[in-house]
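In: Sequence first, predicted coordinates after that:
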Amino acid sequence: MRKNEFAPENYDKVEVKWNLGFLKASLYGVIIYIVAGVILGIPFMLVNTDIVQEFRYDFLGAWGDSALPFHILMPGLVLTVIVHELLHAFFYAIQCKHGFKSIKFGVEAKSFMFYAYAACKEIIPTSKFIAGLVLPGIITGIMPVIASIFIGSLELFFFGLLITSMCVGDLYILSQIYKNRKSTWFHNTAWLEPNAEYDMVLYKPK
């Protein structure tokens, strides 16, 4: 057996449970939005003092100016979700033996949660799966917020926060597997194998 090659007989299968329903996901999303807004809002205010002054003197007017029009917001969200999932696919594919042949796209509608996904058919090291899990959120959510600090754009700041809060599913999976990221392997069988024993499986060394 080659080094770093998966051998199932050397591992125990452990189910990674998905207990994130619509209401819980919505609550977590709001919490992420608020926490990220506070943490990243502090440097934004320190750098963009002119915008802070505008809010102090005309809060409603400044708030209205920072809101993206609906006809721009919705296409922007759709496009960003597509880019987000393509980034998942890219980062998973470079970790998979068969590249993009191991990637499957689709739409999941459990618990009234509608979103696209890119699922990897192969079993890959958990640490590498985590990289593919979180990097799209950083690129499409956190990085726009950081960019908004330097260019002084409230529209981009709030849009980036919204995208970050929409990564609640990725962050939930991360919270379930992060502590077991070393020396383990991960397989996302959800949507790939309808009759699979588990939706997500963590392989721990025996």
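Out: Done, it's in.
In: So which residues of the chain form strands?
Out: 11-15, 103-108, 115-120, 124-125, 185-188, 200-205 (DSSP state E).
In: So for the last one, what gets flagged as buried?
Out: By that I understand strand 200-205. 200, 201, 202, 203 (16 or more other CB atoms under 10 Å). C-beta here means a position set from N, CA and C on the backbone, and glycine is covered the same way.
In: Spatially central residue for this protein, please.
Out: residue 167 (3.5 Å; CA atoms, centre = their mean).
In: Check it and give its pLDDT.
Out: Model confidence at residue 167, given as pLDDT, is 92.
In: residues touching it, list them.
Out: Applying CB atoms under 8 Å, 6 or more residues apart in numbering, we find residue 167 in contact with 32, 84, 136, 137, 141.
In: if we can go back for a sec, worst mean pLDDT among the strands of the chain?
Out: Among those, strand 115-120 carries the lowest mean pLDDT, at a mean of 70.
In: hang on, the earlier thing: could you single out the nearest of the buried residues of strand 200-205 to residue 45?
Out: Taking CB to CB as the measure, residue 45 sits nearest to residue 200 out of the buried residues of strand 200-205, at 39.5 Å.
In: Excluding chain neighbours, what is closest to that closest one?
Out: Leaving aside its chain neighbours, residue 200 sits nearest to residue 16 (3.8 Å; criterion: CB to CB, 6 or more residues apart in numbering).
In: Verify the stated contact: the one you found with residue 177.
Out: Yes. Under the contact definition of CB atoms under 8 Å, residue 16 touches residue 177, with a separation of 6.1 Å.
In: who touches both of those two?
Out: Residues touching both residue 16 and residue 177 by CB under 8 Å, 6+ apart: 186, 202.
In: Mean pLDDT per element in the chain, and the minimum belongs to which helix or strand?
Out: One helix or strand of the chain scores below all others by mean pLDDT, DSSP states H and E: helix 59-66, with a mean of 56.
In: Contact partners for the nearest residue to residue 105 once chain neighbours are set aside?
Out: Distance criterion CB to CB, 6+ apart; nearest residue to residue 105, sequence neighbours excluded, is residue 118 at 5.7 Å. Applying CB under 8 Å, 6+ apart to residue 118 gives the contacts 85, 86, 88, 89, 92, 103, 104, 105.
In: now residue 118: how far from residue 54?
Out: To residue 54, residue 118 is 41 Å away according to CB to CB, to the nearest Å.
In: Please apply the same query to residue 46.
Out: The gap separating residue 46 from residue 54 is 15 Å, by CB to CB.
In: picking up where we left off before, greatest separation within the contacts of residue 118: which pair is it?
Out: Within the contacts of residue 118, two members stand farthest from each other by CB to CB: 86 and 104, at 13.2 Å.
In: Report all helices and strands that the helix of greatest length in the chain contacts.
Out: Assignment by DSSP state H gives helix 22-47 as the longest helix of the chain. Counting contacts by 3 or more CB pairs under 8 Å, 6 or more residues apart in numbering; DSSP states H and E, helix 22-47 is packed against helix 49-57, helix 143-151, helix 154-165, helix 168-177.
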